[in-house]
Every structure is written in C-alpha cells, then in structure tokens.
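Participant: no sequence for this one, just the structure:
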C-alpha cells in the first residue's frame with residue numbers, strides 16, 4: 001500500500017494519500033482529481049546515494065588510506 005504525495009492543481013492543497021489497489025486519489029479539500037504527483041521526501045532520503053571512494057594511500061594506493069600499508 002504505497003503512500004503518495006500530491007498537490008491539487010485546482011486549489012493548491014498539498015496532501016498524502018494511502019491508495020489500495022486501483023484507487024485514484026482526490027483532493028480532500030475540493031474533491032478535485034486534477035492532481036500533480038510529488039517526489040516523496042521519504043523516497044528522496046531513502047534513495048541510494050553514490051558513495052565517494054575513500055582516498056587511497058599516496059604511496060601504494062591502498063584504499064584504506066594513508067598510513068594503512070607497510071610503506072610508511
């Protein structure tokens with residue numbers, strides 16, 4: 001049961017809707033079906049973010065970083 005976020009294009013009201021199966025959302029303020037689906041902030045925070053690689057050792061390239069190898 002996904003929760004969707006919408007903004008009504010008729011009255012501008014922003015809201016969330018829990019939809020079951022083939023249900024369609026309607027604005028709870030004006031009952032309009034003219035809605036614009038929004039990017040969920042939960043989905044945006046929960047999305048996988050690319051990790052920046054850790055800096056390698058300047059001498060040998062060991063991914064654990066400077067001082068991790070025996071070439072100190």
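Facilitator: Yes, it's here. Just so we're clear, the structure is a prediction, and the values are computed from it rather than from any experiment. Residues are numbered from 1 along each chain as shown.
Participant: which intervals of the chain have sub-threshold pLDDT?
Facilitator: For the chain, the stretches flagged by pLDDT under 70 are 1-2, 40-59, 61, 70-72.
Participant: Would you map the strands across it?
Facilitator: 3-8, 14-18, 35-38 (DSSP state E).
Participant: and the ones you listed as JSON lines, adding mean neighbour count and distance to residue 28?
Facilitator: (Glycine included, C-beta is placed from N, CA and C.) What follows is these, written out as JSON lines (neighbours: other Cβ atoms under 10 Å; distance: least, Cβ to Cβ, whole Å):
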{"stretch": "strand 3-8", "mean neighbour count": "16", "distance to residue 28": "9"}
{"stretch": "strand 14-18", "mean neighbour count": "14", "distance to residue 28": "6"}
{"stretch": "strand 35-38", "mean neighbour count": "14", "distance to residue 28": "11"}
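Participant: Tabulate the ones you listed (a markdown table), appending distance to residue 65.
Facilitator: Formatted as a markdown table, the strands of the chain follow (distance: least, Cβ to Cβ, whole Å):
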| stretch | distance to residue 65 |
| --- | --- |
| strand 3-8 | 41 |
| strand 14-18 | 43 |
| strand 35-38 | 41 |
